[in-house]
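Peer 1: Could you look at this predicted model? Sequence included:
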Amino acid sequence: TGVVPFVALLLLQRRPVAGRALLVTGSGCPGHGLCRSNVQEQTRRQVAVLNATAQELFSLYLKCQGEPFSSETDKLCNPAGIFFPAFRVNRTSERKEVMVAMYKLFAFLNASLGNITRDQEELNPMAKELLERLHNTTKTTRGLISNLTCLLCKNYNIFQVDVRYGDSSKGKSAFKKKQQGCQVLRKYVQVIGQAARVLLPHLSPS
């Protein structure tokens, strides 16, 4: 009881929820059929794409929210008051530790992107470019989660990871929804560069 398979976790992450799953090692990993032959290269590419597009996504988000977000970005988008997964690994950390930290980060981000996209569809339905970028980022993030799932199972027999999600914005005012999205995306810009620097060397061809 209380054990949620990775496949179920991936389904859960398609909607913004708050939940936890336990880190477990054992015989419960699905077969290696989950893995593509080029999984490491694909994972590298996905992280690089997210890193390259994060600042553009944040800037476009700000532009579409209008004032006062454009002129008071530092004040309104300060992420200090929101939950965001701690990212304490570095280039010298063990590969297994890095992979688990990455899974927590991108599972959180995927759920947060679901919140932000839902809110923007409601608040800025005509912002086609922003909505397209949000959808594309979500698609890339889901693919990355799938690949991290495969690598954790295949290399370390880990099929559960303790994931904490952020607060849902449902029921909040339009201003608070915009602010929460702004805070999350600003923190994302700060963290994704660090994540890329840490993860990419661990995925270099051997």
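Peer 2: Nice, I can see it. Numbering: from 1, shown residues only.

Peer 1: Asp119 is in what secondary structure piece?
Peer 2: Using DSSP states H and E, Asp119 maps to helix 95-123.

Peer 1: do Thr137 as well
Peer 2: helix 128-156.

Peer 1: State the mean pLDDT of that helix.
Peer 2: Helix 128-156 shows a mean pLDDT of 94.

Peer 1: same deal with stretch 70-81?
Peer 2: For stretch 70-81, mean pLDDT is 93.

Peer 1: buried set for that stretch?
Peer 2: Residues of stretch 70-81 classed as buried: 73, 76-77, 79 (neighbour count, 16 or more other CB atoms under 10 Å). (Each C-beta comes from the backbone N, C-alpha and C, glycine too.)

Peer 1: Cross those against helices and list the overlap.
Peer 2: Counted as lying in helices by DSSP state H, out of those, are 73, 76.

Peer 1: Could you dump the buried residues of stretch 70-81 into JSON lines and include distance to Leu109?
Peer 2: Supplementary listing: the buried residues of stretch 70-81 in JSON lines, determined by distance: CB to CB, whole Å:
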{"residue": "Thr73", "distance to Leu109": "20"}
{"residue": "Leu76", "distance to Leu109": "20"}
{"residue": "Cys77", "distance to Leu109": "16"}
{"residue": "Pro79", "distance to Leu109": "13"}
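
Peer 1: Need the max-distance pair from the buried residues of stretch 70-81.
Peer 2: Greatest spatial distance in those: Thr73 and Pro79, 11.6 Å, computed using CB to CB.

Peer 1: Mutual contacts of those two, please.
Peer 2: Common contacts of Thr73 and Pro79 (CB atoms under 8 Å, 6 or more residues apart in numbering): Arg186.

Peer 1: rewinding a little: which strands and helices sit next to the helix holding Asp119?
Peer 2: Under the contact definition 3 or more CB pairs under 8 Å, 6 or more residues apart in numbering; DSSP states H and E, helix 95-123 sits against helix 39-65, helix 128-156, helix 174-202.
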